[in-house]
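[1] Okay, structure incoming, though there's no sequence with it:
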Ligand code: COA
């Protein structure tokens, strides 16, 4: 167990438990950040591309515009890095303290390496493990469930959970059924071990693979490897049975919310704020508002600005809810999402940390910038070294490897 005394000013886990009794750990969300590409495509713009109209999109989905990664340099990793840096900054935690980076994404940088590894390198999170999580739009809440589990088990102190997407790169811009729905963006939350009661109280994860065909990207995997044919017939684009997904979503959003509240020992009346996956306003109305009878003012919706950003939608909405003053310590908040798989996930959170923006001064921002510059320099140096080793030096024989030595201390721990 860590003896760390609050790198971010919060009361972190410390050996202050009652003698002989294990100390209770909680998984608190202590940092948040998001980033969207600058380019905006409005419904009116879409009218120029496909046979659709603003009125239809607004009334059937609630979406008015979406951000898209127009610059080829904007990728799932670059958006994720920006969101992750903001989350670390809000928490005032340095990258070397992060134990694990989970990047939930449906549009990863590559099949491998993981987008999370690229983020890890750019952050200089030298002590972090990193992997991508594939659970489509439910992926972000899946990531939070994992972060909570690792923290409660004592296996991690800080877990960075990111949802990042460049769905505009896998959407068929000639298919009006799908291209009107999706947008690009990233959101990140830093989850920390804490002895302050509250935080992520309960999670519910679900899957029904019989609905796998309802929302899929058919080609590019082992079932349908990339070929000239798959490219020419558009199998590398999202295919969706919108009606089937709609019906499923309305049912599971309500069910998963009920289940997670029960697990957390709460009722619908205890809920202060719901942050649902931002796919379609009508899905939210038919599930959270009508079935659960949670009033509109307790449900945060920002899909009109971003469309469906898949894994990024819940953290993006949380960041905006915080900015809008909707999140306050002591509140019970529910995150609930659904997506391809078919899959669904919910988390019940008792918000316990202050949300006011803290000012850290020029020295801290300078330190942070220097950390990222050092990370970039370290990465370049390691790449160059690797090139020299693999191109210039011969592969060492087995007997040239050093004897196994005791596990090295974590880099940079203090
Ligand atoms: N613009 C204009 N008209 C459109 C259109 C578009 N973009 N897309 C479909 N239409 C037309 C259809 O052709 C149909 O016309 P018809 O009655 O002459 O046949 C009509 O509008 C109704 O289409 P329908 O598919 O029944 O619309 P809908 O009310 O089910 O809405 C979705 C379609 C996709 C918005 C809705 O089904 C949905 O949101 N599903 C869930 C999708 C989702 O959330 N996916 C992501 C999961 S993470």
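    That came through fine. Just so it is clear, the model here is predicted, and its values are computed rather than measured. Residues are numbered from 1 along each chain as shown.
[2] and the stretch 51-200 of the chain, which of its residues are near the ligand?
    Residues of the stretch 51-200 of the chain lying close to the ligand by CB under 6 Å from any ligand atom are 52, 56, 60, 61, 137, 176, 177, 180, 181. Using the backbone N, CA and C atoms, a C-beta is placed for each residue, glycine as well.
[3] Export the residues you listed as a markdown table, with columns for secondary structure, pLDDT and neighbour count.
    Formatted as a markdown table, these follow (DSSP: H, G, I helix; E, B strand; the rest coil; pLDDT from 0 to 100; neighbours: other CB atoms under 10 Å):
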| residue | secondary structure | pLDDT | neighbour count |
| --- | --- | --- | --- |
| 52 | coil | 97 | 17 |
| 56 | helix | 98 | 14 |
| 60 | helix | 97 | 16 |
| 61 | helix | 98 | 21 |
| 137 | helix | 98 | 30 |
| 176 | coil | 97 | 16 |
| 177 | coil | 96 | 14 |
| 180 | coil | 97 | 22 |
| 181 | coil | 98 | 22 |
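[4] Distance to residue 42 added to those, as a markdown table?
    Converted to a markdown table, those look like this (distance: CB to CB, whole Å):
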| residue | distance to residue 42 |
| --- | --- |
| 52 | 12 |
| 56 | 14 |
| 60 | 16 |
| 61 | 13 |
| 137 | 23 |
| 176 | 15 |
| 177 | 19 |
| 180 | 11 |
| 181 | 14 |
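[5] Relative to residue 372, which of the residues you listed is nearest.
    residue 137 (29.7 Å; CB to CB).
[6] If you drop the residues flanking it in sequence, what lies closest to the closest one?
    residue 339 (3.0 Å; CB to CB, 6 or more residues apart in numbering).
[7] and residue 316, what helix or strand is that in?
    helix 313-323 (DSSP states H and E).
[8] what's the spacing between the residue in the stretch 301-414 of the chain positioned nearest to the ligand and residue 213?
    Residue of the stretch 301-414 of the chain nearest the ligand, by CB to the nearest ligand atom: residue 339 (4.1 Å). Using CB to CB, to the nearest Å, residue 339 is found at 14 Å from residue 213.
[9] now do residue 273
    According to CB to CB, residue 273 and residue 213 sit 34 Å apart.
[10] more crowded one of the two?
    residue 273 (21 against 14; other CB atoms under 10 Å).
[11] Specify the beta-bridge partners of that one.
    Assessed by DSSP bridges, residue 273 has beta-bridge partners residue 333.
[12] what sits against it?
    298, 299, 300, 321, 326, 327, 331, 332, 333, 334 (CB atoms under 8 Å, 6 or more residues apart in numbering).
[13] Quick one: residues contacting the residue nearest to the last one when sequence neighbours are not counted.
    Meaning residue 334. In space, and not counting its chain neighbours, residue 334 is closest to residue 274: 4.8 Å by CB to CB, 6+ apart. Residues near residue 274 by CB under 8 Å, 6+ apart: 257, 288, 294, 298, 299, 300, 333, 334, 336.
[14] Grab the two from these that are most spread out in space.
    Across the contacts of residue 274 (CB to CB), the longest gap, 13.8 Å, separates 257 and 300.
[15] neighbour count winner among the two?
    Neighbour comparison, residue 257 and residue 300: the larger count goes to residue 257, with 26 against 21 (by other CB under 10 Å).
[16] The more buried one touches residue 347, doesn't it?
    No: using CB atoms under 8 Å, residue 257 is not in contact with residue 347, being 10.3 Å away.
[17] overlap in contacts of those two?
    What both residue 257 and residue 347 touch, as defined by CB under 8 Å, 6+ apart, is the set 334, 336.
[18] who does the residue minimising distance to the centre of the chain bridge with?
    The centroid of the chain falls nearest to residue 163 when counting by CA atoms, centre = their mean (2.2 Å). Assessed by DSSP bridges, residue 163 has beta-bridge partners residue 104, residue 187.
[19] what about it, distance to residue 175?
    24 Å.
[20] Now do the contacts for the residue of the stretch 301-414 of the chain closest to the ligand.
    Residue 339 touches 106, 135, 136, 137, 138, 139, 215, 277, 310, counting by CB under 8 Å, 6+ apart.
[21] and what of residue 291?
    Residues counted as contacts of residue 291 (CB under 8 Å, 6+ apart) are 250, 254.
[22] which ones among the contacts of residue 274 are found in helices?
    Among those, DSSP state H puts residue 257 in helices.
[23] circling back to that earlier point, relative to the ligand, which of the contacts of residue 339 is nearest.
    residue 137 (3.8 Å).
[24] Enumerate every residue touching the closest one.
    106, 277, 279, 308, 310, 311, 313, 337, 338, 339, 340, 343.
[25] Once you drop chain neighbours, what's closest to the second one?
    In space, not counting the residues next to it along the chain, residue 277 is nearest to residue 337; the distance is 3.5 Å by CB to CB, 6+ apart.
[26] Can you list the buried residues in the longest helix that the chain contains?
    Ranked by residue count, the top helix of the chain under DSSP H comes out as helix 361-391. Buried residues in helix 361-391, counted by 16 or more other CB atoms under 10 Å: 368, 371, 375.
[27] quick one: pLDDT of the first one?
    Residue 368 carries a pLDDT value of 92.
[28] who's in contact with it?
    Counting by CB under 8 Å, 6+ apart, the residues that residue 368 touches are 85, 89, 94.
[29] which one of these sits closest to the ligand?
    Using CB to the nearest ligand atom, the contacts of residue 368 come closest to the ligand at residue 85, 26.9 Å.
[30] Surely the closest one and residue 34 touch.
    No: between residue 85 and residue 34 there is no contact under CB under 8 Å: 11.0 Å.
[31] Settle it for me: which of the two has more neighbours?
    residue 34 (27 against 21).
[32] Double-check that that one belongs to a helix.
    No: remark: residue 34 does not belong to a helix; assigned using DSSP: H, G, I helix; E, B strand; the rest coil, it is strand.
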